[in-house]
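Peer 1: 3D, please:
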Amino acid sequence: MIEFRLDRGSGVATYVQLVHQVKQALRLGALLPGDRLPTAKDVVAKLAINPNTVLKAYRELEREGLVSAKPGLGTFVRRSLGAPLADQTRLRRSLTNWVREARAAGLDQEDLEALFVSVVTDSFREGIA
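Peer 2: This next block holds a predicted model:
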């Protein structure tokens, strides 16, 4: 089950942070079809936020077809996002090796993030497959 966390200083709306975390978990295979999301009550108790914020996030995920609410039972994942888990495992291993190499070359986290974002942005702009 996913455990939500908040970055109160990010400037990103709380419900949007929850939506992004569910989508990330779907992309990484941490949430799979059939998995149950935490109840709004549980999220409210853990994060000290308004119940309507959680419900708004869950409604947004439902509107996108990613989850479905089953009255009295909870909210369940309908579909995954991202590549198959086997591909993700291989790519994660490759990326981990790249990060180690970059760190050994003296790059810090901000350098790595900037380089990664630049390469990803360029690859989509240029249509690299």
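
Peer 1: next SSE after the longest helix belonging to the chain?
Peer 2: For the chain, the helix that runs over the most residues, judged by DSSP state H, is helix 85-104. Later in the chain than helix 85-104, the nearest helix or strand by DSSP states H and E is helix 109-126.

Peer 1: Show me the contact partners of that following helix.
Peer 2: 99, 102-103, 107, 128 (C-beta atoms under 8 Å, 6 or more residues apart in numbering). C-beta: built from backbone N, CA, C; applies to glycine.

Peer 1: Export that helix to CSV, keeping only CA atoms.
Peer 2: Coordinates of each C-alpha in helix 109-126 appear next as CSV, following Å, rounded to 0.1, in the frame of the first residue of the first chain:
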residue,chain,number,x,y,z
GLN,A,109,22.4,15.5,-7.0
GLU,A,110,21.5,18.9,-8.5
ASP,A,111,24.0,18.3,-11.4
LEU,A,112,22.5,14.8,-12.0
GLU,A,113,18.9,16.1,-12.0
ALA,A,114,19.7,19.0,-14.3
LEU,A,115,21.6,16.6,-16.7
PHE,A,116,18.8,14.0,-16.6
VAL,A,117,16.0,16.5,-17.2
SER,A,118,18.0,18.1,-20.1
VAL,A,119,18.5,14.7,-21.8
VAL,A,120,14.9,13.6,-21.3
THR,A,121,13.6,16.9,-22.6
ASP,A,122,15.9,16.9,-25.6
SER,A,123,15.0,13.3,-26.4
PHE,A,124,11.3,14.0,-26.5
ARG,A,125,11.8,17.3,-28.4
GLU,A,126,13.9,15.5,-31.0
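
Peer 1: Report the buried residues of the longest helix of the chain.
Peer 2: For helix 85-104, burial by neighbour count (16 or more other C-beta atoms under 10 Å) applies to no residue.

Peer 1: Taking helix 109-126 as reference, get the angle to that helix.
Peer 2: Angle, helix 85-104 to helix 109-126, by axes from the mean of the first three to the mean of the last three C-alpha atoms, to 10 degrees: 130 degrees.

Peer 1: one step back: among the contacts of helix 109-126, show me the least confident.
Peer 2: Scanning the contacts of helix 109-126 for pLDDT, the smallest score is found at residue 128, 65.
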